[in-house]
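J.: Just the structure for this:
(chains A and B)
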There are 2 protein chains.
Amino acid sequence: MSQLIVDIHTHVYPPSYMAMLRARKTVPYIHDPSDGAEPRLIILSSDDDPATPLDQRGRPVDTSYSDINVKLSFMEKHGINCSVISLANPWLDFVPSDEAQTWAERINDDLESTCADVNKDKEKKPLFAFGALPLSAPSETVVNEIKRLTTLPHIRGVIMGTSGLGKGLDDPDLDPIWKVLEETQLVLFLHPHYGLPDEAFGGPEVINRYGHVLPLALGFPLETTIAVTRMLLSRVFDRFTKLQILLAHSGGTLPFLAGRIESCILHERKFIANGGDTPGPERSIWEVLQTNIFLDAVIYGSAGLQAAVAAGSHDRLMFGTDHPFFPPLHDEDEKWPSVTTNYQAICSCFGDEKADSIGMVLGNNANRVLRLGLE
Amino acid sequence: MSQLIVDIHTHVYPPSYMAMLRARKTVPYIHDPSDGAEPRLIILSSDDDPATPLDQRGRPVDTSYSDINVKLSFMEKHGINCSVISLANPWLDFVPSDEAQTWAERINDDLESTCADVNKDKEKKPLFAFGALPLSAPSETVVNEIKRLTTLPHIRGVIMGTSGLGKGLDDPDLDPIWKVLEETQLVLFLHPHYGLPDEAFGGPEVINRYGHVLPLALGFPLETTIAVTRMLLSRVFDRFTKLQILLAHSGGTLPFLAGRIESCILHERKFIANGGDTPGPERSIWEVLQTNIFLDAVIYGSAGLQAAVAAGSHDRLMFGTDHPFFPPLHDEDEKWPSVTTNYQAICSCFGDEKADSIGMVLGNNANRVLRLGLE
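T.: This is a model prediction of the structure:
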């Protein structure tokens, strides 16, 4: 049997979501340039600089975002046997509270039927999905949608950004959501969207000087790191010890900074263990990394991947592509360098003698953890 | 011969600098509590929250910051054979332009005479220093001070924060400074101070909830990563190919994110190589990591250290302690856990069979790179 390759980090905008973005004029939105060129997707506030002509803001958005057949062709080209698709950011964070549940149901039902339709056709590669959450609605609405998702046969988890209900992931109002995720053992795919404030990079002028590099290369992973550290510090992992979280982009920078985070906690005078008045986290970051956290292997280099393996373990890492982002710029027919870079990093990280570990990261871990039932 | 251990990340506030901080009432400043308790050092804006009583802001600052004999005792306790001391942040960033040169000379002469005095006493462990720079003055003043530093026999480099002349490290006005550093081959020790804007963490209330953990554990390393990435993107390393930089805290998160940064550069449409109108960096981040960048090994865990070794190499990593920060909270007489954690990370990262690599990281690299002449 050839090696199973499962892509657990691959995004879609279902057509209904595309139509909603097209109807909007503020971030996030889709703009159709007047010259008939490809539509532009503007999802970051730094993309929406008034100094940039509207027709040039954001980035081109082609059918790879919404046409599932493009996804299936991409899978075929890269030898991917199965994909676990998820709505791309910014999900439903921006939707008015009273519309959130309707949109969540519509999109999750779309995802479910897309997977079901594809999976009926034995010529096609199977698909599963992470569901979207109506996070602008009250938490009980979110809880109900999570319970409903367990009845949809192709949903294998949920995707969430770092703002939670709007106040970050250390918000106690999220507790009912952590609880139902723990009870249902649905995996939470935590993914960045908001990046860092422009000032962190020196302001919008500095950011725009280098295109999207600073927000995408640094803002995204740093946002993820901050979000999950706030969860740790607020003792979410002490209270919900069986929560299962999949962190995008190999945890942002969490595996690299875990030692420093743990050291700062052990030296923090505010925490009761050190004579202060505030409960600090009880379980160490290392224990959390090895029992609550899964990492994707979307890190484009073996250096970072080695830290991800060492901080978690080889049976908690899963291959991903971030499709349809980072397409090739020079030759549309070639295999995507963004994908082959990640593939090569996995192979070189473990070396030839560790084929089992490579196989686990490429697909066997996803198959086991997400109960995909692939052979 | 026993293993040489050199600490290249160890800070001092010379007494003259302490007096200057005591005379100030805004960040950075030192405040003496009315109850006679230890003075408090307030160096981060997040430390200066008006909601916190003045006597409790910041953190205690004892004689370990200014008394070189305390440093020497610390070295003795931890088996450190030599230290390369540097002024702690915020250096002279905040000093009025017309006073900057005076302060830089005074502090650098203090550092030089401290090292000279200690080194005369053969019973004591030798000291060297990184000089401070008058960065609020015009760049020609900074260049002149760098040239003067080469005449001080115990100065082995310079320390700099991430704001440069006030506009970040991609400021073209820094070019004369990069040029003279390249010509003199003085190592630039790049160290964070400003962290991230409060909003990156959810605002001051969220930060204060967890003491200093968020700014220290995440703000500092993320600041370093952003600063050096801006240098890379602005082609500093293409124009000054022999620049030698030592990055604090194992590069912030640079080794972990290097692959993502490189991928984002290769996919950035703004750059000429991809059809845009802006020159992008020519040398890859991997080449820069292996020829221009040294990393300290102050990362408190082998997971991160593995990424640091893989991104650079074992002959570009150097042991450090960050003394006098992160002292033990429970037993003043014990070896500092912050130091032993870093020591253990180095030993476990390489394993028993690689004693040479361990020796290089613990001291031999520093001895070679900083020309310390230790035997």
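
J.: and residue A:176, how many neighbours does it have?
T.: Neighbours of residue A:176 under the rule other Cβ atoms under 10 Å in any protein chain shown: 15. Bear in mind the C-beta positions are built from the backbone N, C-alpha and C, glycine included.

J.: Against which helices or strands is the helix or strand that contains it packed?
T.: Assigned by DSSP states H and E, residue A:176 belongs to helix A:175-184. Packed against helix A:175-184 by the contact rule (3 or more Cβ pairs under 8 Å, 6 or more residues apart in numbering or on different chains; DSSP states H and E) you find helix A:139-149, helix A:236-239.

J.: 10 Å instead?
T.: helix A:139-149, strand A:155-160, strand A:187-190, helix A:236-239 (3 or more Cβ pairs under 10 Å, 6 or more residues apart in numbering or on different chains; DSSP states H and E).

J.: I'd like the ones you listed laid out as a markdown table, including distance to chain B.
T.: A markdown table is the format used below for these (distance: least, Cβ to the nearest Cβ, whole Å):
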| stretch | distance to chain B |
| --- | --- |
| helix A:139-149 | 18 |
| strand A:155-160 | 16 |
| strand A:187-190 | 16 |
| helix A:236-239 | 13 |
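
J.: and residue A:85, what helix or strand is that in?
T.: strand A:82-87.

J.: What is that strand packed up against?
T.: Strand A:82-87 packs on strand A:6-12, helix A:68-78, helix A:97-120, strand A:127-131, strand A:155-160, strand A:187-190, helix A:365-369, going by 3+ Cβ pairs under 10 Å, 6+ apart.

J.: Quick one: residues contacting whichever residue of the stretch 1-150 of chain A sits closest to chain B.
T.: Residue of the stretch 1-150 of chain A nearest chain B, by Cβ to the nearest Cβ: residue A:59 (7.6 Å). Residues in contact with residue A:59, defined by Cβ atoms under 10 Å, 6 or more residues apart in numbering or on different chains, are A:38, A:40-44, A:47, A:211-212, A:325, A:327, B:267, B:269.

J.: go with 8 Å
T.: A:40, A:41, A:47, A:212, B:269 (Cβ atoms under 8 Å, 6 or more residues apart in numbering or on different chains).

J.: For residue A:161, see how far away the spatially closest residue to the last one that is not a sequence neighbour is.
T.: Which is residue B:269. Nearest residue to residue B:269, sequence neighbours excluded (Cβ to Cβ, 6 or more residues apart in numbering or on different chains): residue B:276, at 5.3 Å. To residue A:161, residue B:276 is 29 Å away according to Cβ to Cβ, to the nearest Å.

J.: what about those two, which has more around it?
T.: residue A:161 (22 against 14).

J.: Next, that one: phi, psi?
T.: Backbone torsions of residue A:161, given as degrees, to the nearest 10, read phi -90, psi -170.

J.: Correct me if wrong: it contacts residue A:191.
T.: Yes: judged on Cβ atoms under 8 Å, residue A:161 makes contact with residue A:191 at a distance of 6.2 Å.

J.: which neighbours do the two share?
T.: Counting by Cβ under 8 Å, 6+ apart, the common neighbours of residue A:161 and residue A:191 are residue A:89.

J.: ok so, going back, between the helices and strands packed on strand A:82-87, which gets nearest to residue A:256?
T.: Closest to residue A:256 of the helices and strands packed on strand A:82-87, according to Cβ to Cβ: strand A:187-190, at 17.0 Å.

J.: From the contact counts, what lies against that closest one?
T.: In this structure, strand A:187-190 makes packing contacts with strand A:155-160, helix A:220-233, strand A:245-247, judged by 3+ Cβ pairs under 8 Å, 6+ apart.

J.: Paired strands for the last one, with orientation please.
T.: According to DSSP bridges, strand A:245-247 has the following sheet partners: strand A:187-190 (parallel), strand A:293-296 (parallel).

J.: Distance from the worst-scoring helix or strand of chain A on mean pLDDT to the middle of the chain?
T.: When each helix and strand of chain A is scored by mean pLDDT, DSSP states H and E, strand A:59-60 comes last, with a mean of 83. Offset of strand A:59-60 from its chain centre (Cα atoms, centre = their mean, to the nearest Å): 20 Å.

J.: again with stretch A:18-36
T.: So, by Cα atoms, centre = their mean, the centroid of stretch A:18-36 is 23 Å from its chain's centroid.

J.: Without its sequence neighbours, what residue ends up closest to residue A:65?
T.: residue A:13 (4.6 Å).

J.: how close does the closest residue to residue A:271 other than its chain neighbours get to residue B:304?
T.: The shortest distance from residue A:271 to any non-neighbouring residue, by Cβ to Cβ, 6+ apart, is to residue A:280 (3.2 Å). According to Cβ to Cβ, residue A:280 and residue B:304 sit 21 Å apart.

J.: For those two, indicate the residue with more neighbours.
T.: Neighbours per residue (other Cβ under 10 Å) separate residue A:280 from residue B:304, with residue B:304 holding more: 33 against 20.

J.: helix, strand or coil for the more buried one?
T.: Put simply, residue B:304 is helix when judged by DSSP: H, G, I helix; E, B strand; the rest coil.

J.: Chain B contacts on the stretch 101-250 of chain A?
T.: A:167-168, A:170, A:196-197, A:199-202, A:206, A:209-214, A:216-218, A:221-222, A:225-226, A:229-230, A:233-234, A:249-250 (Cβ under 8 Å from any Cβ of the partner chain).

J.: tell me, how many neighbours does residue A:200 end up with?
T.: Residue A:200 has 25 neighbours, counted by other Cβ under 10 Å.

J.: same deal with residue A:241?
T.: Residues lying near residue A:241 (other Cβ under 10 Å) number 14.

J.: Contacts only, for it.
T.: Per Cβ under 8 Å, 6+ apart, neighbours of residue A:241: A:283, A:291, A:292.

J.: can you check residue A:84 too?
T.: A:6-8, A:10, A:127-130, A:156-157, A:366, A:370, A:372.

J.: cutoff 6 Å now
T.: A:8, A:128, A:156 (Cβ atoms under 6 Å, 6 or more residues apart in numbering or on different chains).
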